[in-house]
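Chemist: my questions are about this predicted structure, shown below with the sequence.
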2 protein chains.
Amino acid sequence: MKLSARTVKTERYPIHIGEEVFTVLQKELKHYRKTKSAIFLLTDSNTFRFCLPALVSKCPELGKAVVITIDSGEESKTLRNAEYLWKELAGKQADRHSLLINLGGGMITDLGGYVASGFHRGIDTIHIPTSMIGQIDASIGGKTGVNLDGLKNQVGTFFFPKGVYIWPGFLATLDPKHLRSGIAEVAKTALVKDEQFWSWLTKRSIEEMLAIPFEERFWKDLILKTIRIKQEIVSNDPFEHNQRKLLNFGHTIGHAIESIALQRDTPVLHGEAVAAGVICESFLSVEQTGLDPVELQSIIAWLMPGFGKLPLIYEDESVRMDLMQHDKKNRQQEIRFTLLSRIGQGKINQVCDPVWIRDAFRNYYDL
Amino acid sequence: MKLSARTVKTERYPIHIGEEVFTVLQKELKHYRKTKSAIFLLTDSNTFRFCLPALVSKCPELGKAVVITIDSGEESKTLRNAEYLWKELAGKQADRHSLLINLGGGMITDLGGYVASGFHRGIDTIHIPTSMIGQIDASIGGKTGVNLDGLKNQVGTFFFPKGVYIWPGFLATLDPKHLRSGIAEVAKTALVKDEQFWSWLTKRSIEEMLAIPFEERFWKDLILKTIRIKQEIVSNDPFEHNQRKLLNFGHTIGHAIESIALQRDTPVLHGEAVAAGVICESFLSVEQTGLDPVELQSIIAWLMPGFGKLPLIYEDESVRMDLMQHDKKNRQQEIRFTLLSRIGQGKINQVCDPVWIRDAFRNYYDL
């Protein structure tokens, strides 16, 4: 099945979703074999072991690709690894007509996209996202990046892949906590833009959802709906001047939490941080943008049983504020949030009273 | 004086040239002071000393910019320095609404442009090129890059500045050999596209040219003519799919020479390498694309007295071939040249017999 992808400016790329994606990819690769000087395949230690065999069996053309593998985990999303990959590519005779395929979660598609965007000023790249967060978020929209000194995505580019191939079957390779992590981004997407989708999503608890087999239509629908919303927002504002900021809901606080955790060598998953961020920023939304407290409670009631409470976020208030000030959405050291005026409607560029920010953390802590 | 710049795709930026450019810049900066969170100014140890004082006196608004300085020389154009600059920017509270101004030669505008393109996925940047090669080539056209393991511009982006400000007066700060180096690029530009310009240029010897004061109209004309040709080519093919490759004449061999020299810690100037590359590739052009031997002789007769002969290029034939194979213009390890069919007319995508390539080096050596 193919999602007829909307166009992101002059850059157009198809997003394929479903059981048959590798039939499409196999065909594409036969074409690339004629036009590309070489095909490289980036994996991490997990996707090398758990995803690559299935991929090659479904898409034998990839058996000939040059595989490069790095350690798994967000700690690998560094400039040092980008440099390592550029040197690997150069050493393996890659040129500007080479193709880089990224097989992995958001770490791999962010890093691989960044590497592709910089090698010889840009080579073609394809994403095969294997995690929930990769399939519904990281691989869509053309953002690439690496972390710098523990600050998330401080360095990166806007660079569009030639195609994205999403096979829900890869979700079976995930630890349930990674799957849950992805669901936090799905929830965020629904909350800022589509009340109906939120209702559909929250009919089941997160635990009930996790019990559904990946062949079932449910997962394809969930991925498709999330991507459609994201694509609509991104295609209207690819470089995040305005509406794309909607997607940052939950992320100002979420990124600060994630950065603190990373700096302490006790990383949390992106989605775990976002789930906490969504709850904190929903508290803020009640104060700042008039979110109905009843809606706040329904957000908490659905997210908390699935995610539990992160222990670390109440500590180090000054560190947190400092980290939020590094957030890329800011201007002149004001912290700018995307908040909710109601479920299904986000509001960008909200500057909040620091007291309310502190209270939002406290309210979360007191849940 | 202002060159009404042609548009590079949807990206449009003005190139200002002449005595009055800093009056224009001063006005722009008053505007930026209101819209930008902070203004950073990148210099190298030479431009900090020899160009910054003149710039600040002509453009007092820049007295408030945060100055960051790195060592001068092509050896500084590294990923390590890019990382250093990203950390400096982050540490000095830069955000995505900051502006980075690059004051220096091609090394600084390439590196600074690269840093700007990656920081928070792209911040606004302005180039103030101070070298001949910077003024007529490196700062024009949106290419950024760093070297990797001595391989030139292996990593980089296409990223367009908000404006380029060219004051010929800065050329007075250059060692004559740097000025000469820039003239090699001027010659190359004329050779691939504009016979009339070549005739105008070669009316004087290079030594006579170097004696002309920088306030004279000659320099502004030379810069303007060169930029107009480059802009015309670049605006038709910003991402170098076709015609932009014309500008690579002299560079396949020139880059190989430059890389060998850099790896041996005896760097040559880019233009010195290009002058040698232009001569070698003109020999090749006689064999491959029918350049008239009389025209070949006139190219040699004008360039050789100005540049002399580089001693190192006849050595290490295998290294040279290997380096040329890393050149970004190649496909599938074929070496692709841009050559001349006559003066004023380049021809792209020329695959040459390795024997002819060897002979071209020998012919140069035998001059």
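Modeler: Arrived safely.
Chemist: what sits against residue A:337?
Modeler: By CB atoms under 8 Å, 6 or more residues apart in numbering or on different chains, the contact list for residue A:337 reads A:248, A:252, A:281, A:284, A:288, A:350-352. No exception for glycine: its C-beta is placed from N, CA and C like everyone else's.
Chemist: among those, which lie within strands?
Modeler: A:350-351 (DSSP state E).
Chemist: looking at pLDDT only, which of the contacts of residue A:337 scores worst?
Modeler: Ranked by pLDDT, the contacts of residue A:337 bottom out at residue A:352, which has 88.
Chemist: for that residue, give me its contacts.
Modeler: Going by CB under 8 Å, 6+ apart, residue A:352 touches A:284, A:287-288, A:335, A:337.
Chemist: so which of those residues is the most crowded?
Modeler: Among the contacts of residue A:352, residue A:337 has the most neighbours (other CB atoms under 10 Å in any protein chain shown), with 32 neighbours.
Chemist: quick one: secondary structure of that residue?
Modeler: When classified by DSSP: H, G, I helix; E, B strand; the rest coil, residue A:337 comes out as strand.
Chemist: ok, residue A:367 to chain B distance?
Modeler: Distance, residue A:367 to chain B, by CB to the nearest CB, to the nearest Å: 32 Å.
Chemist: that residue - how many residues pack around it?
Modeler: For residue A:367, using other CB under 10 Å, the count is 9.
Chemist: any idea which of the contacts of residue A:352 is closest to chain B?
Modeler: Distance to chain B, by CB to the nearest CB, is smallest for residue A:335 among these, at 11.0 Å.
Chemist: the nearest residue to residue A:44 once chain neighbours are set aside: which element?
Modeler: Of all residues not flanking residue A:44 in the chain, residue A:72 sits nearest, at 3.9 Å (CB to CB, 6 or more residues apart in numbering or on different chains). Per DSSP states H and E, residue A:72 falls between elements, in no helix or strand.
Chemist: coming back round to it: can I get the contacts of residue A:337 in JSON lines with distance to residue B:57?
Modeler: As requested, the contacts of residue A:337 are exported to JSON lines (distance: CB to CB, whole Å):
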{"residue": "A:248", "distance to residue B:57": "43"}
{"residue": "A:252", "distance to residue B:57": "42"}
{"residue": "A:281", "distance to residue B:57": "49"}
{"residue": "A:284", "distance to residue B:57": "48"}
{"residue": "A:288", "distance to residue B:57": "47"}
{"residue": "A:350", "distance to residue B:57": "43"}
{"residue": "A:351", "distance to residue B:57": "39"}
{"residue": "A:352", "distance to residue B:57": "43"}
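Chemist: for the contacts of residue A:337, work out which two are farthest apart.
Modeler: Spanning the widest gap among the contacts of residue A:337 are A:248 and A:288, at 14.8 Å by CB to CB.
Chemist: just checking, the residue nearest to residue A:44 touches residue A:45?
Modeler: Yes: counting by CB atoms under 8 Å, residue A:72 touches residue A:45, with 4.8 Å between them.
Chemist: the more surrounded of those two?
Modeler: More crowded of residue A:72 and residue A:45, by other CB under 10 Å: residue A:72, with 18 against 14.
Chemist: now do the contacts for the nearest residue to residue A:245 once chain neighbours are set aside.
Modeler: Once flanking residues are discounted, residue A:245 sits nearest to residue A:348: 4.2 Å by CB to CB, 6+ apart. Each residue near residue A:348 by CB under 8 Å, 6+ apart is listed here: A:242-243, A:245-246, A:248, A:336, A:338.
Chemist: likewise residue A:295?
Modeler: A:340, A:342-343.
Chemist: specify the local secondary structure of it.
Modeler: Relying on three-state DSSP, one would call residue A:295 helix.
Chemist: closest to chain B out of the contacts of residue A:348?
Modeler: The nearest one, if we look at the contacts of residue A:348 relative to chain B and count by CB to the nearest CB, is residue A:336, at 10.3 Å.
Chemist: beta partners of the closest one?
Modeler: Beta-bridge pairing for residue A:336 (DSSP bridges): residue A:351.
Chemist: tell me who's in contact with residue A:28.
Modeler: Going by CB under 8 Å, 6+ apart, residue A:28 touches residue A:163.
Chemist: name the SS class of it, please.
Modeler: Going by three-state DSSP: residue A:28 is helix.
Chemist: return the distance of it relative to chain B.
Modeler: Between residue A:28 and chain B the computed distance is 19 Å (CB to the nearest CB).
Chemist: leaving out the residues flanking it, which one is nearest to the residue most central in space within chain A?
Modeler: Nearest to the mean C-alpha position of chain A, by CA atoms, centre = their mean, lies residue A:138 at 3.0 Å. Counting by CB to CB, 6+ apart, residue A:106 is the residue found nearest to residue A:138 once chain neighbours are left out, at 3.1 Å.
Chemist: for residue A:198, same thing?
Modeler: Counting by CB to CB, 6+ apart, residue A:198 lies nearest to residue A:190, which is 4.0 Å off, once chain neighbours are set aside.
Chemist: cool, thanks, talk later.
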